[in-house]
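> Pasting the sequence and the predicted coordinates here, then a few questions.
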Amino acid sequence: MTTKRTSRRRLAAVSALAIGPLLAISACGGGDDDSESKGGGFNAGVGKVANASDKKGGTLKFVGVQDADSWDTTRMYYGFAFDFARYYSRQLVSYSPKPGQGGIKLQPDLAKSHGKISDDKKTYTYELKDGLKWEDGKPITAEDVKYGIERQWAQKTLSGGPVYLKDVLDPDGKYKGPYEDKGKGFKGIEVKDEKTIVFHLPKPNGDFEQMLAMPTNSPVRKDKDTKSKYALKPFSSGPYKFQSYTPNKNLTLVRNKHWDRKEDKLRKALPDQVKVTLLTNADERDKRLINGDADLDLNQRGMDSQGRTTALKQHKGNVDNPQSGFISYVAFPQSVKPFDNIHCRKAAIYGTDHKSVQTARGGPMAGGAIAQNMLPPVVPGHDKSDDQYGVLKNGGKANVAKAKEELKKCGKPDGFKTTLAVRNTDKSDVKSSEAIQASLKKIGIDVEIDQFDGAQGSSIVGNPNVVKKKGYGMVLYGWGPDFPSGQGYGVPLWHSKYILDNGNNNYALIDDKKVDEGFAEAIAELDPDKAAEKYAEVNKEVMKGGYYLPLTYLKVVQWRSSRLTNVYSTDAFSGWYDFVNIGVK
């Protein structure tokens, strides 16, 4: 089942956000007027544009501690790779060049306009703009767009990336992919002429254009498709092209002279060159950023404790603290007793001291706000008032009386023993688990912590049989949206059809008719505001069932070089910077 592959990559993407040892906000206030003025000001790139400019030229220097899972747009799934891919790839529609929530609004990119939708909401027609060219000057055609999308079906050769369009357009998996179809092509995507492409959906899906905006759906020219080697030098439809790339060491992009700035309103593409240096040590990365040897973090995972402390005390004007799209949470697998009982689950929710967990993760600045429900603030439909367990009302403290009341209802008045699974690859997760352990002990729930290899998560906590065998009554993990909607965020976590034998992310094993029906209604709704309201209702049902213990809405401390212009965080990429619109002085 293709969803298994999708689930595994989300784990990787979340792992890429891991932000290392965290420091309480009280210990990292720092900063003076001078440090503020040098970098443009603390949070100057949050909710607004820092150093707005259209000046072209110079070299933008990234530094990172992790290479992309793939630079092939079909195979990539890391969030930072999605962001970076806009340098050399374009889509029929893409995101607005605006800060915060303004960034999630879709605009035409390769297409002249949004899709023309049929009355039954199952046919989308797009016409390409005039003058679109590949890096060698040849025209970008509707056939190139179709072929780029068809590569999702070639999972034997190109596994790894998201397959939303594949699943939506071909739910029964009948098409064999471009490498096996002998030139026939997928019938659900129709090319009428060089500039016209038509998508035929089996049933309406309100997020269809959100899916189209993913780099996965970039055009690929058939004669330039080197299959599994394509990641080494993708062929550019965007403002830059690959000049050189050595995996895990460096990458250099230079201008694509055939890209037309006048017809691409979504990418400023200001630098002459974009360089990436890859290291293995996060402290060294932070030193290079602070010393001016690099401009920003490729991985957008936030600074580690040592660099963060220095940055906030001496260079606060170079620091942003954006809200990410990720959440830290605990799931209660219902296959493990006594969490098959809703009251036992609720006892653990009420009995957890959220404030201590937040402190363990680094406080409000480095760890994020206390989460009262499972839908992160950057996802449309987030409802601040949905606090069914009184987490915020109680200041994040445990509600011991309520917890003991729920223990009685579940037939465990004296408490019980359980095991909490946590990644050993994420130190902040481990600290969170220890805080949970300490608070639940006070109500009689004895929690044993079992650390597992985060790189093997899909076959450990992602395997329901292993979870049951090991007695994992609690699984601590993190999650963020594939695209900014309730579908792009919640379906793999909450929908019954996503309970998988391996690579499972519906850890709680939710098989709830109201949740599934709620998703069906929301997905079929084409009005994004109405859909957001429906996803909010789905989230309420999930919280009502006590399937999850939300912990914090994750935040990071992000470095922004004084050399940078036009910098802003965008909800289109989970609160990370919009790379393709950044310039240098």
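That came through, no problem.

> only C-alpha atoms for contact and neighbour calcs from this point on.
Fine.

> so Val475 is in which element?
Assessed by DSSP states H and E, Val475 sits inside strand 472-479.

> Over to Gln451?
strand 445-452.

> Over to Arg308?
Using DSSP H and E, Arg308 falls in helix 305-314.

> can you give me the strands for the stretch 451-585 of the chain?
472-479, 548-555, 558-559, 564-565, 569-570, 576-577, 583-584 (DSSP state E, counting those that start in this stretch).

> where's the residue lying closest to Phe242 once chain neighbours are set aside, which helix or strand?
Computed as C-alpha to C-alpha, 6 or more residues apart in numbering, the closest residue to Phe242 that is not its neighbour in sequence is Leu253, at 4.7 Å. Assigned by DSSP H and E, Leu253 falls within strand 250-255.

> quick check: mean pLDDT across the helix or strand following that strand?
Beyond strand 250-255 in the direction of the C-terminus, DSSP H and E gives the next helix or strand as strand 273-278. Per-residue pLDDT over strand 273-278 has a mean of 98.

> distance of Ile370 from Gly390?
Separation of Ile370 from Gly390 (C-alpha to C-alpha, to the nearest Å): 12 Å.

> The two: which has the busier surroundings?
Between Ile370 and Gly390, counted using other C-alpha atoms under 10 Å, the more crowded position is Ile370 (24 against 16).

> follow-up on the earlier one: what packs against the helix holding Arg308?
Judged by 3 or more C-alpha pairs under 8 Å, 6 or more residues apart in numbering; DSSP states H and E, the packing partners of helix 305-314 are helix 282-291.

> ok, and what's touching the helix or strand that the helix it packs on is followed by?
Next helix or strand after helix 282-291 toward the C-terminus (DSSP H and E): strand 296-297. Applying C-alpha atoms under 8 Å, 6 or more residues apart in numbering, the contact partners of strand 296-297 are 61-64, 285, 289, 558-561.

> With stretch 244-254 instead?
In contact with stretch 244-254 (C-alpha under 8 Å, 6+ apart) are residues 66-67, 232-233, 240-243, 272-279.

> Return the most buried member of the strands of the stretch 451-585 of the chain.
Among those, strand 569-570 has the highest mean neighbour count (mean count of other C-alpha atoms under 10 Å), at a mean of 31.

> Give me the contacts around that one.
With C-alpha under 8 Å, 6+ apart, strand 569-570 has contacts from 45-47, 98-104, 322, 575-578.

> one more time with 10 Å
43-50, 95-104, 320-325, 378, 558, 575-579 (C-alpha atoms under 10 Å, 6 or more residues apart in numbering).

> Can you list the strands that the strand holding Val475 pairs with?
Applying DSSP bridges, strand 472-479 is found paired with strand 323-331 (antiparallel), strand 416-423 (parallel).

> Let me know the closest of the contacts of stretch 244-254 to Asp223.
Lys233 (13.6 Å; C-alpha to C-alpha).

> residues near the residue lying closest to the closest one once chain neighbours are set aside, how many?
Of all residues beyond its chain neighbours, the one nearest Lys233 is Phe242 (6.1 Å), with distances taken as C-alpha to C-alpha, 6+ apart. Per other C-alpha under 10 Å, the neighbour tally for Phe242 reads 20.

> helix/strand/coil for Phe242?
The three-state label given to Phe242 by DSSP: H, G, I helix; E, B strand; the rest coil is strand.

> That one reaches Leu232, doesn't it?
Yes - Phe242 is within contact range of Leu232, at 8.8 Å (criterion: C-alpha atoms under 10 Å).

> picking up where we left off before, format the strands paired with strand 472-479 as a markdown table; extra columns: distance to Pro108, mean neighbour count and mean pLDDT.
A markdown table is the format used below for the strands paired with strand 472-479 (distance: least, C-alpha to C-alpha, whole Å; neighbours: other C-alpha atoms under 10 Å; pLDDT from 0 to 100):
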| stretch | distance to Pro108 | mean neighbour count | mean pLDDT |
| --- | --- | --- | --- |
| strand 323-331 | 24 | 25 | 95 |
| strand 416-423 | 40 | 20 | 97 |
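
> Averaged pLDDT, stretch 230-237. What do you get?
On average, stretch 230-237 scores 98.

> can you check stretch 93-113 too?
Mean predicted lDDT for stretch 93-113 stands at 97.

> Of the contacts of stretch 244-254, which is the nearest to Tyr147?
Tyr147 has its nearest neighbour among those in Lys233, at 17.5 Å by C-alpha to C-alpha.

> from what I can see that closest one touches Tyr240, true?
No - shown here, Lys233 and Tyr240 do not form a contact pair, counting by C-alpha under 10 Å, at 11.9 Å.

> And those two? Which one has more around it.
Tyr240 (28 against 17).

> Relative to Ala85, how far out is the more buried one?
Taking C-alpha to C-alpha, one finds Tyr240 at 10 Å from Ala85.

> per the record, what domains does this protein have?
Structurally, the chain divides into domains by automatic domain parsing as follows: 31-274+578-584, 323-555.

> Restricted to buried residues, select the contacts of strand 569-570 in ChimeraX.
Buried subset of those, written as a ChimeraX selection, criterion 16 or more other C-alpha atoms under 10 Å:
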select :43,44,45,46,47,48,49,50,95,96,97,98,99,100,101,103,104,320,321,322,323,324,325,378,558,575,576,577,578,579
